[in-house]
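Colleague: Show me how the following folds:
(one chain, ligands or ions: 1)
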Amino acid sequence: MTVLQLRNTLTREKESLPAPAEAGQVKLYTCGPTVYNHVHIGNWRAFVFYDVLHRALRWLGYDLRHVMNLTDVDDKTIRGSIAEGVPLREFTQRYTDFFLEDLDALRIRHPHDMPRATDAVDAMVSLVETLIDKGVAYKSDDGSVYFKISGFPGYGKLSGLDARELKAGAGGRVAADEYDKENVTDFALWKAWSEEDGDVFWETSLGKGRPGWHLECSALAMEHLGNTIDIHAGGIDLMFPHHENEIAQSEAATGETFSRIWVHNEHLMVGGKKMSKSLKNFFTFRQLVELAGATGREVRYALLNAHYSKKLNLQVTYEGEGEERHPVRFDSLLAAREALHRLDGFRAALERAGEGPDPGDAARAQLQELHAAMRSAIADDLNVPAALGKLFELVKEVNKLEGYDQAFAGEVLAVLQDVDEVLAVLEPEADAGLDADEQQLFEGWVAAREAKDWARADALRDQLQERGIGVQARKGESTWTRL
Ligand SMILES: [Zn+2]
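Modeller: I've put the predicted structure just below:
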């Protein structure tokens with residue numbers, strides 16, 4: 001039986017989970033989105049990574065319980081709702097809906113629970129009370145409550161902060177949700193109401209205020225999954241201070257290990273650089289759909305193209321300088337389209353297989369060997385790029401055969417279906433309609449044919465084909481299909 005191995009950030013070692021039969025329920029917590037805008041493509045890399053982990057666990061036979069929070073109250077959501085003059089719940093619900101739609105477009109399975117932070121304020125308040133009772137949290141003059149990092153000796157163990165850095169920062173405190181490593185310091189668990197919060201506050205035993213962002217994940221993870229979870233995943237940018245603070249809050253309160261394994265995905269670079277609005281390489285998923293005509297399937301494939309622990313560069317070609325600089329080609333997405341096109345062609349040929357020779361035992365043995373290699377690549381710290389490499393080797397080897405019968409084609413299709421449980425890229429897009437440009441090209445092609453302008457019809461057909469659309473005219477009826 002195959003077990004899953006993951007590189008644990010906490011121990012810096014690759015560790016094996018117990019076998020599925022012995023593991024009991026595997027409890028997975030992943031940090032969810034802050035629902036204040038459209039999620040950018042760098043964060044989608046994290047959500048696709050969580051999905052691969054989720055799918056791989058279930059595929060290997062683990063009994064999984066996966067919880068992911070929705071941050072619907074923090075500095076950013078409050079600022080956004082006030083700027084628009086919309087109640088916080090209405091504002092965050094809008095972005096939650098967008099997030100869920102995009103989740104589906106990217107073929108990401110929903111976690112078992114997606115609790116909202118604002119639905120668990122009571123649990124957060126009682127966690128803060130426990131921390132105050134234990135002497136690791138204190139109230140400041142303005143009524144906010146801070147975590148005292150000097151009261152938790154394990155502080156820094158995840159991100160590898162040393163005592164020197166801790167000493168330099170100790171003594172101060174920070175109210176903001178986000179801060180960097182230069183400011184290792186006491187952080188806010190509970191924020192007393194201030195004017196900038198508008199009408200966002202809860203009247204609680206801690207006073208009038210709202211929970212800090214870090215507190216939310218500790219409270220929700222423990223409420224839904226218990227004091228100790230098996231795997232906690234997140235983007236590398238969350239390792240400090242967010243995850244460090246989660247460990248401190250949870251372990252100081254319970255005296256138990258918060259998460260046995262921590263896994264972090266690396267950054268997504270776009271056009272070779274870190275994403276930033278000024279470099280014009282900052283994109284949401286929806287912008288890629290709009291600008292590159294990309295599908296969720298293509299974006300997912302592109303995001304699977306590097307191991308989660310390595311930086312991934314989404315290649316983009318730019319033209320112009322300064323203010324004029326703009327993207328003209330999304331190379332990685334085009335490469336994804338081409339790769340998927342090849343896989344679609346391969347699948348279609350297998351599905352069409354009829355009478356043909358039995359390719360024999362050697363071909364079958366090779367098929368089993370490649371299948372096993374794909375399974376072990378995924379079980380080995382989710383090495384999806386290696387599995388994709390083997391998948392294309394499989395395509396090459398089967399295409400080399402003199403031919404095959406329906407039975408063999410069925411065996412190959414079963415292998416594809418099995419690995420696609422984790423990859424989720426092989427199933428073609430459900431027949432999406434044509435977008436406005438495509439519709440115009442298609443109508444132009446129909447009109448050119450009616451006018452018997454064959455040169456123009458051919459040119460338009462080629463343009464449609466480049467976009468993955470095939471056209472046919474039969475018995476006076478013109479139709480299109482996604483290739
Ligand atoms: Zn979190």
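Colleague: only C-alpha atoms for contact and neighbour calcs from this point on.
Modeller: OK.
Colleague: So Ala457 versus Asp122, what's the distance?
Modeller: Here the criterion is Cα to Cα, to the nearest Å. By it, Ala457 lies 66 Å from Asp122.
Colleague: Those residues of the stretch 1-150 of the chain touching the ion, which are they?
Modeller: Contact residues, the stretch 1-150 of the chain versus the ion (Cα under 5 Å from the ion): Cys31.
Colleague: And for whatever residue of the stretch 1-150 of the chain ends up closest to the ion, the neighbour number?
Modeller: Here the residue of the stretch 1-150 of the chain nearest the ion is Cys31; by Cα to the ion that distance is 4.0 Å. By other Cα atoms under 10 Å, 22 other residues sit near Cys31.
Colleague: try Gly433
Modeller: 11.
Colleague: Which parts of the stretch 251-400 of the chain are helices?
Modeller: Taking DSSP state H, counting those that start in this stretch, the helices of the stretch 251-400 of the chain run over residues 285-292, 296-303, 331-352, 360-379, 384-400.
Colleague: Show me what counts as buried in the helix or strand just after the last one.
Modeller: Looking back up the chat, that one is helix 384-400. For helix 384-400, the following helix or strand on the C-terminal side (DSSP states H and E) is helix 406-423. Counting neighbours by 16 or more other Cα atoms under 10 Å, one finds that the buried residues in helix 406-423 are 406-409, 412, 415-416, 418-419, 422-423.
Colleague: How about stretch 58-68?
Modeller: 58-60, 62, 64-68.
Colleague: Could you dump those into JSON lines with pLDDT and secondary structure added?
Modeller: Shown next, in JSON lines, are the buried residues of stretch 58-68 (pLDDT from 0 to 100; DSSP: H, G, I helix; E, B strand; the rest coil):
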{"residue": "Arg58", "pLDDT": "98", "secondary structure": "helix"}
{"residue": "Trp59", "pLDDT": "98", "secondary structure": "helix"}
{"residue": "Leu60", "pLDDT": "97", "secondary structure": "coil"}
{"residue": "Tyr62", "pLDDT": "98", "secondary structure": "coil"}
{"residue": "Leu64", "pLDDT": "98", "secondary structure": "strand"}
{"residue": "Arg65", "pLDDT": "98", "secondary structure": "strand"}
{"residue": "His66", "pLDDT": "98", "secondary structure": "strand"}
{"residue": "Val67", "pLDDT": "98", "secondary structure": "strand"}
{"residue": "Met68", "pLDDT": "98", "secondary structure": "strand"}
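Colleague: Out of the residues you listed, which two sit at the greatest distance?
Modeller: The distance between the two most remote of the buried residues of stretch 58-68 (Cα to Cα) is 21.0 Å, for Leu60 and Met68.
Colleague: can you give me the offset of stretch 452-466 from its chain's centre?
Modeller: 39 Å (Cα atoms, centre = their mean, to the nearest Å).
Colleague: do stretch 73-84 as well
Modeller: 24 Å.
Colleague: and for that stretch, what are the contacting residues?
Modeller: Applying Cα atoms under 8 Å, 6 or more residues apart in numbering, the contact partners of stretch 73-84 are 34-36, 87-88, 91-92, 117-118, 176-177, 196-198, 200, 211-213.
Colleague: If you tally nearby residues, what's the number for Ser194?
Modeller: By other Cα under 10 Å, neighbour count at Ser194 equals 14.
Colleague: How about Leu88?
Modeller: Leu88: 21 neighbours (other Cα under 10 Å).
Colleague: And for it, nearest residue in space, chain neighbours not counted?
Modeller: Ser81 (5.4 Å; Cα to Cα, 6 or more residues apart in numbering).
Colleague: Deepest in the core, which of the helices of the stretch 251-400 of the chain is it.
Modeller: When the helices of the stretch 251-400 of the chain are scored by mean count of other Cα atoms under 10 Å, the highest mean neighbour count falls to helix 296-303 (a mean of 23).
Colleague: Narrow the contacts of stretch 73-84 to just the buried residues.
Modeller: Neighbour counting with 16+ other Cα under 10 Å marks 34-36, 88, 91-92, 117-118, 177, 197, 200, 211-213 as buried within those.
Colleague: Redo the buried residues of helix 406-423 as CSV? Include distance to the ion.
Modeller: Below are these laid out as CSV (distance: Cα to the ion, whole Å):
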residue, distance to the ion
Gln406, 49
Ala407, 48
Phe408, 47
Ala409, 45
Val412, 41
Val415, 36
Leu416, 34
Asp418, 32
Val419, 30
Val422, 24
Leu423, 25
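Colleague: which residues touch the residue lying closest to Asp186 once chain neighbours are set aside?
Modeller: Among residues not flanking Asp186 along the chain, Arg173 sits closest, at 4.4 Å (Cα to Cα, 6+ apart). Arg173 is in contact with 146, 185-188, counting by Cα under 8 Å, 6+ apart.
Colleague: Could you save those residues as JSON lines and add columns showing secondary structure and pLDDT?
Modeller: Compiled in JSON lines, those are given as follows (DSSP: H, G, I helix; E, B strand; the rest coil; pLDDT from 0 to 100):
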{"residue": "Tyr146", "secondary structure": "strand", "pLDDT": "95"}
{"residue": "Thr185", "secondary structure": "coil", "pLDDT": "85"}
{"residue": "Asp186", "secondary structure": "strand", "pLDDT": "91"}
{"residue": "Phe187", "secondary structure": "strand", "pLDDT": "93"}
{"residue": "Ala188", "secondary structure": "strand", "pLDDT": "94"}
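Colleague: State the mean pLDDT of stretch 199-219.
Modeller: The pLDDT scores in stretch 199-219 average 96.
Colleague: which parts of that stretch are buried?
Modeller: For stretch 199-219, using 16+ other Cα under 10 Å, the buried residues are 200-202, 206-219.
Colleague: Only C-alpha atoms, please: export that stretch in CSV.
Modeller: Output in CSV follows, covering the C-alpha atoms of stretch 199-219 (Å, rounded to 0.1, in the frame of the first residue of the first chain):
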residue,chain,number,x,y,z
ASP,A,199,-19.7,49.6,12.5
VAL,A,200,-17.6,46.4,12.5
PHE,A,201,-17.3,45.2,16.2
TRP,A,202,-18.5,42.6,18.6
GLU,A,203,-19.4,43.3,22.2
THR,A,204,-17.7,40.5,24.2
SER,A,205,-16.2,39.7,27.6
LEU,A,206,-12.9,41.1,26.1
GLY,A,207,-14.6,44.4,25.4
LYS,A,208,-15.9,46.0,22.1
GLY,A,209,-13.6,45.0,19.2
ARG,A,210,-12.8,42.3,16.7
PRO,A,211,-10.5,39.3,16.4
GLY,A,212,-7.0,39.5,14.9
TRP,A,213,-6.4,37.6,11.7
HIS,A,214,-3.9,35.1,13.1
LEU,A,215,-6.3,34.1,15.9
GLU,A,216,-8.9,33.1,13.4
CYS,A,217,-7.1,30.1,12.0
SER,A,218,-6.1,28.7,15.4
ALA,A,219,-9.7,28.9,16.6
